[in-house]
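# could you work out the structure for the sequence below:
(one chain, ligands or ions: 1)
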Amino acid sequence: MPELPEVETVKRTLNQLIVGKHIERVTVNLPRIIQRPDDIQQFAFMLEQHTIQGVERRGKFLRILLDGLVLVSHLRMEGRYGVYRAEEPVEKHTHVIFHFTDGTELRYKDVRQFGTMHLFATGEEFQHPPLAKLGFEPLDPAFTADKFKAIIRTKKTKIKAVLLNQAYIVGIGNIYVDEALFRAGLHPERIAHTLSEAELDRLHQAIVDTLTEAVEAGGSSIKSYVNGQGEMGMFQQRLKIYGRKDEPCHSCGKPVHKTVVGGRGTHYCPSCQPLGTVAVSAGKMKRKR
Ligand SMILES: [Zn+2]
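Below is the predicted model:
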């Protein structure tokens, strides 16, 4: 599933590809993608003759800004946008097509069909699901270590579950939670409120650094999208822990473990991320018993 860095890359790509384009009409082939309004004909009608002014991101959601309207789009597992010339054949699993007056089309393709689109009048989108009640943007300067600590200190569940909850912090999913916890040297099953001040500082920094680096990695590949179909980038080759079961830990060389935490496949290094309290002394991490 695309997480903050991938959605950010899609956002930047769409900003290069579709801003200024004028919608002539909209085709919806799979009504269930459209969550608001209920009537897909109304959805299509409302978007006609509107111009795309920009694309923003809130958590893992895209906000496609039009004059007077905002289309909130979630890619979920496999959703992808691409810009095509109208004469190009429409690929299988293309569920929504925005036909532009310049002879190009923005096509939404989704093999798994879990993606969603909600259409709002500008400004209304934050008062309703799915954007209402979302937590902090982790790359916003307002997401300080103090704000982060205030959230974590009150939670009596596993730290991984807290970090995945979009009501607290948005945009982090299974992959980047594992990456951030590895970077911070914290076991994913540590109970949130037992983390020390120093551990919380490390984790806050790890979240910000992990996401920033991934966004930069995605940003560097934007050029290759411009002539193509605007498909999102995946940066798996840069992952330090996720998906590396039984491979040597980049830090200590011992094999990476895989387990299940809160129903989610979870990668960690038992040696670098011990379950006991970790004390940092003289630059070395020791396990307290
Ligand atoms: Zn290790």
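# and the strands in the stretch 101-250 of the chain?
Here the stretch 101-250 of the chain has its strands, by DSSP state E, counting those that start in this stretch, at 104-109, 116-121.
# just give me the lowest mean pLDDT stretch among the ones you listed.
Within the strands of the stretch 101-250 of the chain, confidence is poorest for strand 104-109, with a mean of 94 (mean pLDDT).
# and that one, what does it pack onto?
Contacts defined by 3 or more CB pairs under 8 Å, 6 or more residues apart in numbering; DSSP states H and E place strand 104-109 against strand 80-85, strand 94-100. Where C-beta positions appear, they are placed from N, C-alpha and C, glycine not excepted.
# need those strands in CSV (columns: mean pLDDT).
As requested, these are exported to CSV (pLDDT from 0 to 100):
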stretch, mean pLDDT
strand 80-85, 91
strand 94-100, 98
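# Ala150 is nearest to which of these?
Among those, strand 80-85 comes nearest to Ala150, with 36.3 Å by CB to CB.
# that closest one pairs with which strands, parallel or anti?
strand 104-109 (antiparallel) (DSSP bridges).
# now the angle between strand 94-100 and the partner strand, please.
Strand 104-109 runs at 160 degrees relative to strand 94-100, counting by axes from the mean of the first three to the mean of the last three CA atoms, to 10 degrees.
# where does the stretch 1-150 of the chain get nearest to the ion, which residue?
Glu3 (23.0 Å; CB to the ion).
# out of the helices and strands in this protein, which is least certain?
helix 222-226 (a mean of 38; mean pLDDT, DSSP states H and E).
# next SSE downstream of it?
Remark: after helix 222-226, the chain's next helix or strand is strand 257-261, criterion DSSP states H and E.
# up against the ion, what does the stretch 101-250 of the chain have?
Within the stretch 101-250 of the chain, the positions adjacent to the ion are Cys249 by CB under 5 Å from the ion.
# give the buried residues for stretch 20-28.
Neighbour-count burial for stretch 20-28, with 16 or more other CB atoms under 10 Å as criterion, is recorded at Lys21, Ile23, Glu24, Val26, Val28.
# give me phi/psi at Thr157?
Dihedral pair for Thr157: phi -110, psi 180, per degrees, to the nearest 10.
# show me the shaky parts of this structure.
219-237, 277-289 (pLDDT under 70).
# and the helices in this structure?
Listed in chain order, the helices of the chain (DSSP state H) span 4-17, 40-47, 145-152, 159-164, 174-184, 197-219, 222-226.
# most tightly surrounded among those?
The highest average neighbour count among the helices of the chain, using mean count of other CB atoms under 10 Å, belongs to helix 174-184 at a mean of 25.
# and that helix, what other elements does it pack with?
helix 159-164, helix 197-219, strand 264-268.
# next, the angle from that helix to strand 264-268.
30 degrees.
# contact partners of helix 174-184?
1, 3-5, 159-160, 163-164, 172, 187-188, 199, 202-203, 205-207, 209-211, 214, 239-243, 264-269, 272-273 (CB atoms under 8 Å, 6 or more residues apart in numbering).
# contacting residues around the spatially closest residue to Gly68 that is not a sequence neighbour?
Among residues not flanking Gly68 along the chain, Thr122 sits closest, at 5.6 Å (CB to CB, 6 or more residues apart in numbering). Counting by CB under 8 Å, 6+ apart, Thr122 touches Leu65, Gly68, Leu69, Val70.
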